[in-house]
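Novice: Using only what follows, build the 3D model:
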Amino acid sequence: MVKLIGAVLILFAGTMIGFQQASRFAARPRQIRQLIHALQRLETEIGYGYTPLPEAMSNTAIHLPEPIKSMFHEVCRLLAQDNELSFRECWEQAVVKHWPSTAMKSAERSALIRLGTSLGISDRDDQIKHLKLAETQLGAEEEAARDEQARYEKMSRSLGVLVAALVVILIV
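Specialist: So this is what the prediction gives:
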């Protein structure tokens, strides 16, 4: 009886690990798409609304889903403090702090950090150009993430179940 319960628990744990990994493959392209939409909204706020950058970040953060929302709110919070941090430093700190809660990889992170170095230090048109460049880079990463999802999502689910079944067979 104890072996049966142990086997069921091992099968359940392996299956859940496989499904969790598959959900990360599915979440990455979705989060990249959300990030692209956030940058497009920020571009609209800066370009057409003539909104100052801190206010544009705040207005954009309101309409975003998690975990992107937390990242943008963190930038706003750091900008609102009475410290001497530049926008680049606030942006980088927020990205580093909230990155572990995303399913995105280092390529998206480096594109965001590069964007943060150019926002807030130039005129409106230059900021829009940098936002468009980041959107293009993230769009390419989204395509790669969709390819990875198609290739590895189903395999991760199956592999979790099969490895758990192998462990059960070896134990019994």
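Novice: CA atoms for contacts and neighbours, from now on please.
Specialist: Fine.
Novice: Against Cys90, how distant is Met71?
Specialist: Note on Met71: its distance to Cys90, by Cα to Cα, to the nearest Å, is 10 Å.
Novice: Same question for His98.
Specialist: On the measure of Cα to Cα, His98 and Cys90 end up 12 Å apart.
Novice: do the same with Leu78
Specialist: For Leu78, the distance to Cys90 - Cα to Cα - is 6 Å.
Novice: Which one of the two is surrounded by more residues?
Specialist: Ranked by neighbour count (other Cα atoms under 10 Å), Leu78 and Cys90 place Leu78 first, with 21 against 18.
Novice: For the more buried one, which three-state class applies?
Specialist: helix (DSSP: H, G, I helix; E, B strand; the rest coil).
Novice: In PDB, list the C-alpha atoms belonging to stretch 52-63.
Specialist: Extracted C-alpha coordinates of stretch 52-63, given in PDB (Å, rounded to 0.1, in the frame of the first residue of the first chain):
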ATOM      1  CA  PRO A  52       6.500  63.500 -19.500                       C
ATOM      2  CA  LEU A  53       8.300  60.100 -19.100                       C
ATOM      3  CA  PRO A  54       7.400  59.500 -15.400                       C
ATOM      4  CA  GLU A  55       3.700  60.200 -16.000                       C
ATOM      5  CA  ALA A  56       3.700  58.200 -19.200                       C
ATOM      6  CA  MET A  57       5.200  55.200 -17.300                       C
ATOM      7  CA  SER A  58       2.500  55.600 -14.600                       C
ATOM      8  CA  ASN A  59      -0.300  55.800 -17.200                       C
ATOM      9  CA  THR A  60       1.000  52.800 -19.100                       C
ATOM     10  CA  ALA A  61       1.500  50.700 -15.900                       C
ATOM     11  CA  ILE A  62      -2.200  51.000 -15.100                       C
ATOM     12  CA  HIS A  63      -3.300  49.000 -18.100                       C
END
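Novice: gap between it and the chain center?
Specialist: Centroid separation for stretch 52-63 versus its chain: 18 Å, with Cα atoms, centre = their mean, to the nearest Å.
Novice: Now do the buried residues in it.
Specialist: Leu53, Pro54, Ala56, Met57, Ser58, Asn59, Thr60, Ala61 (16 or more other Cα atoms under 10 Å).
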